[in-house]
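Undergrad: model the structure of this input:
(2 chains)
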There are 2 protein chains.
Amino acid sequence: MDAAEFRKRGKEMVDYIADYLEKIEKRQVFPDVQPGYLRPLLPDSAPEEPETYENILKDVEKIIMPGVTHWHSPYFFAYFPTANSFPAILADMLSAGIGCIGFSWASSPVCTELETVMLDWLGKMINLPPNFLAEKNGQGGGVIQGTASEATLVAMLAARTKAIHRVISENEKLTPEDVMGKLVAYTSDQAHSSVEKDSLIAGVKIKQIPTDDKFAVRGSALRKAIDNDKATGLIPFFFCATLGTTPCCSFDKLLELGPICNEENIWLHIDAAYAGSSFICPEFRYLLDGVEFADSFNFNAHKWLLVNFDCSAMWVKKRSDLTRAFKIDPIYLKHGYEESGHITDYRHWQIPLGRRFRSLKLWFVLRMYGVKGLQEYIRKHIKLAHEFKDLVLQDDRFEICADVIMGLVCFRLKGSNKLNEELLKSINNARRIHLVPCHLREKFVLRFAICARTVESAHVQFAWKHIVDLANELLKVHKQ
Amino acid sequence: MDAAEFRKRGKEMVDYIADYLEKIEKRQVFPDVQPGYLRPLLPDSAPEEPETYENILKDVEKIIMPGVTHWHSPYFFAYFPTANSFPAILADMLSAGIGCIGFSWASSPVCTELETVMLDWLGKMINLPPNFLAEKNGQGGGVIQGTASEATLVAMLAARTKAIHRVISENEKLTPEDVMGKLVAYTSDQAHSSVEKDSLIAGVKIKQIPTDDKFAVRGSALRKAIDNDKATGLIPFFFCATLGTTPCCSFDKLLELGPICNEENIWLHIDAAYAGSSFICPEFRYLLDGVEFADSFNFNAHKWLLVNFDCSAMWVKKRSDLTRAFKIDPIYLKHGYEESGHITDYRHWQIPLGRRFRSLKLWFVLRMYGVKGLQEYIRKHIKLAHEFKDLVLQDDRFEICADVIMGLVCFRLKGSNKLNEELLKSINNARRIHLVPCHLREKFVLRFAICARTVESAHVQFAWKHIVDLANELLKVHKQ
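TA: This next block holds a predicted model:
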């Protein structure tokens, strides 16, 4: 395919994407396919000779689309949102065209420098304390990670290195392995499973701190765990607080937890993967109070800030904590500027070596929407969640299972878990809307998350009516 | 920005990308900017109100482009290639439009299933042993990782878990920490720095095996290291072999190393990040002989197979080795199909949770080029490298420093390292072509890598003439 054909096909693809997103409502949100559906539809091996583009595009509609879960359908209320916006798509196209790899400053200076400045912009939008920013001579700064799980892992590894150094400096007889075996990390019993996975990768123990009746970790609970573990010779070194847990969007009590972490030399990482975007609205910023105690903070702009995946924004107070954790410099990655003191080589801030030019997406989105446009977007989602909550509350066969603070509503039929499992099954089998469940303590709960960019009140009203219809049917059967 | 404006702007962007790539030769391959150039050109914070798209696009040419290292310029001969092709860009556009997140089968079935089939296609193209394929009921299979460093890390973590289980099953008194402290990984003294970084992440020792005069690890060298380490109580558990090292594209001797690893219960991972693409040509497939001894194999289709970053293809013989290393299943990620036995949830195969629909890129590229088109592309690059090597050999002031097997030529002026450092500096300062250096043993060496999709003999000839001109000047000064 030469540039001339790309011009033609690229413009067709732009129309295809626009059509797809404009008419997505008409597609069934969750596919009908069964596991293994695709293989029989494809040849056994790659073609020897080139095929025509027409054939490939025909297959997109015939083979690919029937197997897609349409995350951007306004009837998609599952998981948490993943962002999708036209400015972000344009920026990603530009990034693909430039196709540079930004592992070091020299490998493409603007790829590094735009990222640093954009993370300062974004940090200011959520009013992060200035010591998290790079600015001109800051010790902190931001980086785009692929996912929140990687951000947590990077923070945990930096904390691990720091703790090992500290403990050995206090007792030179210990080896790194000795210390590793005693390190213990903490997180909420509501935290995302990826935190536990990160601890498996890092080879350190992790303990879940029990949450209170609002599903939040309190200072007292963390204090108890620390004291118990210290008494048995363990070394608490890392706490991952969650702002906006995956099951029910609860918020750990940073103002209680932060001082304890600082006192105990425990690295405080804050995972606000979903909820973090809301902090650009002054009325929700209070939820971030206490971030001043943290060592690192992360949220996914690719969830709720209209920047397509992947764009997980992470800040640290001391960039040297990250780079010390794995700085390794072979000569083919050296360039003439390292010693200048104001160079960032982002490969030392992350797990992979290579990286795309992702900050373009942030730049396009922040400028095309403006802060006000993004605030409106967040507020609209939260308003729709409250609208849904109010509908639930009007039907006394249902209950709300956790405070509705952001765009997530946890609800269920009053009754057994089995009943609610059946309700969810009938909802997802009907394929009109898509939800996923969670457990809150012993309860099986349905999660209704406001997700799509184009979701409106009418979709929420439709969804509720549909859920009630299915619940009516179910309850009728159960009465018989 | 609504869909109507996206149609207009998207088509302009398609033209912008086509123009950029068609005329890239006219841009200076390496930028003139100094560290910190960008910040003064941007506002201090994000705009409150939306800006016009025209302003943003103007800034792309004014602010962004002057800071880009143009990896797709035919005058770019640095690092290794990063792929860029029109079919891959189109597929990535489609992926951005669909914008699904494929962490589990249910989160978008086709995102998982196309990946599995494409990795089978690609595996067959390089004639991987069938036990690396998923096919219908295989125990192996492929996955797209972000980068080769992540693939190595995933393999190392799987090997670590396997080794810990094995050792503890033989001696139940040991704790996982005891075993971790004794584990030792190996790689070549020529291996990429990311392998060492991966061992830091995994918290295990790593040792570099000295290479022979061809910069290859031989069986005897590995055997010696294993025997020494076992004698001191260490537990060898992982060897990362390299096919196509970064400094000089040397190849470890798999046929010698493989049997030793199998005998010693050492996980053999093969990193063929750059060279792996060449194995689609039957005449280079011999370099992969011995892969049958490996547990995992990886190469970056995003380097040399015309699939834009990121698309690092990884295969394992036993998929359960990966999933056992970190399988954690919260309810909100459960779906109704796990127990059906032929479901792949790729989140258990990788470090991050989220993942884009990257297999579309492979599908478009394999079909639009066909196997023959891709073979031609590889052969053209290798031919150009030999053309450059022949030019170097005709000038007896220069020497070739390693066998030219793929698209990389390592060369230098006969003389001091200082002389060659100066030569490289004058080449990169002139900004007409871009190279990076390496060290081979004590020698400072210039690397000339055939990189761009559009590089032709004329560019190689120009580059050599330019290098000779600069060398002439340099040698003149040195004689004075």
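Undergrad: so which bits of the longest helix seen in chain A are buried?
TA: Longest helix in chain A, counting residues (DSSP state H): helix A:359-393. Within helix A:359-393, the residues scored as buried using 16 or more other C-beta atoms under 10 Å in any protein chain shown are A:359-371, A:373-375, A:377-378, A:380-382, A:384-385, A:388-389, A:391-392. Every C-beta, even on glycine, is put in place using the N, C-alpha and C of the backbone.
Undergrad: which of those residues are close to chain B?
TA: Among the buried residues of helix A:359-393, the residues within reach of chain B (C-beta under 8 Å from any C-beta of the partner chain) are A:Leu360, A:Trp363, A:Phe364, A:Leu366, A:Arg367, A:Met368, A:Tyr369, A:Gly370, A:Val371, A:Gly373.
Undergrad: touching, the fifth one and B:Pro47? I think so.
TA: Yes - with contact taken as C-beta atoms under 8 Å, A:Arg367 and B:Pro47 are classed as touching, separated by 6.0 Å.
Undergrad: how many residues are close by A:Glu49?
TA: Close neighbours of A:Glu49, defined as other C-beta atoms under 10 Å in any protein chain shown, add up to 10.
Undergrad: how much space separates it from chain B?
TA: 5 Å (C-beta to the nearest C-beta, to the nearest Å).
Undergrad: what helices and strands are in contact with the lowest-mean-pLDDT helix or strand in chain A?
TA: Using mean pLDDT, DSSP states H and E, the weakest-scoring helix or strand in chain A turns out to be helix A:319-326, at a mean of 86. Counting contacts by 3 or more C-beta pairs under 8 Å, 6 or more residues apart in numbering or on different chains; DSSP states H and E, helix A:319-326 is packed against helix A:148-170, helix B:193-202.
Undergrad: average pLDDT for the next helix or strand after the last one?
TA: Put plainly, it is helix B:193-202. Using DSSP states H and E, the helix or strand that follows helix B:193-202 in sequence is strand B:205-209. Strand B:205-209 shows a mean pLDDT of 96.
Undergrad: is strand B:205-209 positioned near chain A?
TA: No - Strand B:205-209 does not reach chain A (C-beta under 8 Å from any C-beta); its nearest approach is 9.2 Å.
Undergrad: just the C-alphas of that strand, formatted as CSV.
TA: What follows is strand B:205-209, C-alpha atoms only, in CSV (Å, rounded to 0.1, in the frame of the first residue of the first chain):
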residue,chain,number,x,y,z
LYS,B,205,20.4,-12.7,40.8
ILE,B,206,21.5,-12.6,37.2
LYS,B,207,24.9,-13.4,35.7
GLN,B,208,26.3,-12.6,32.3
ILE,B,209,27.8,-15.4,30.4
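Undergrad: that one: partners in the sheet, and parallel or antiparallel?
TA: Strand B:205-209 pairs in its sheet with strand B:183-188 (parallel), by DSSP bridges.
Undergrad: pLDDT (mean, whole number) over the partner strand?
TA: In this model, strand B:183-188 has a mean pLDDT of 98.
Undergrad: now do it against helix B:193-202, angle only.
TA: Counting by axes from the mean of the first three to the mean of the last three C-alpha atoms, to 10 degrees, strand B:183-188 lies at 170 degrees to helix B:193-202.
Undergrad: please enumerate residues in contact with strand B:183-188?
TA: For strand B:183-188, the surrounding residues in contact (C-beta atoms under 8 Å, 6 or more residues apart in numbering or on different chains) are B:156, B:159-160, B:163-164, B:195-196, B:199, B:202, B:204-209, B:211, B:215-217, B:222, B:225-226, B:229, B:234-242, B:245, B:252, B:266.
Undergrad: following the chain onward from the helix or strand containing A:Asp227, which element is next?
TA: Per DSSP H and E: A:Asp227 is located in helix A:219-231. Sequence-wise, the next helix or strand downstream of helix A:219-231 (DSSP H and E) is strand A:235-242.
Undergrad: what pairs with that next one, and is each one parallel or antiparallel?
TA: When sheet partners are counted by DSSP bridges, strand A:235-242 sits next to strand A:183-188 (parallel), strand A:267-271 (parallel).
Undergrad: count of residues packed around A:Arg441?
TA: Using other C-beta under 10 Å, A:Arg441 is surrounded by 10 other residues.
Undergrad: where's it relative to B:Leu470, distance?
TA: 72 Å (C-beta to C-beta, to the nearest Å).
Undergrad: which residues of the stretch 151-300 of chain A lie near chain B?
TA: Counting by C-beta under 8 Å from any C-beta, the stretch 151-300 of chain A sits next to chain B at A:153, A:157, A:160, A:175-178, A:180-181, A:192-194, A:196-197, A:200-203, A:246-247.
Undergrad: if any of the residues you listed are buried, put those into a PyMOL selection.
TA: Here is the PyMOL command that selects the buried residues among these (16+ other C-beta under 10 Å):
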select buried, chain A and resi 153+157+160+176+177+180+181+192+193+194+196+197+200+201+202+203+246+247
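Undergrad: SS state for A:Leu306?
TA: On the three-state scheme (DSSP: H, G, I helix; E, B strand; the rest coil), A:Leu306 is labelled coil.
Undergrad: which pLDDT value goes with it?
TA: pLDDT, A:Leu306: 98.
Undergrad: that one touches A:Tyr377, doesn't it?
TA: Yes - the criterion here is C-beta under 8 Å, and A:Leu306 meets it with A:Tyr377 at 6.5 Å.
Undergrad: please enumerate the shared neighbours of these two.
TA: Jointly contacting A:Leu306 and A:Tyr377 under the rule C-beta under 8 Å, 6+ apart are A:Tyr369, A:Arg453.
Undergrad: re earlier: so what touches the helix holding A:Asp227?
TA: A:184, A:186, A:207, A:209-212, A:236, A:239, A:253, A:256-257, A:259-261, A:264, A:266.
Undergrad: quick one on the thing from earlier: counting neighbours, which of the contacts of strand B:183-188 end up buried?
TA: Applying 16+ other C-beta under 10 Å to those flags B:156, B:159-160, B:163-164, B:195-196, B:199, B:202, B:204-207, B:209, B:211, B:215-217, B:222, B:225-226, B:229, B:234-242, B:245, B:252, B:266 as buried.
Undergrad: report the buried residues of the helix or strand containing A:Phe444.
TA: Using DSSP H and E, A:Phe444 sits within strand A:443-449. The neighbour-count check on strand A:443-449 (16+ other C-beta under 10 Å) flags A:Phe444, A:Val445, A:Leu446, A:Arg447, A:Phe448, A:Ala449 as buried.
Undergrad: picking that back up, now the least confident helix or strand of chain A: buried residues?
TA: By neighbour count with 16+ other C-beta under 10 Å, helix A:319-326 contains the buried residues A:Arg319, A:Asp321, A:Leu322, A:Thr323, A:Ala325, A:Phe326.
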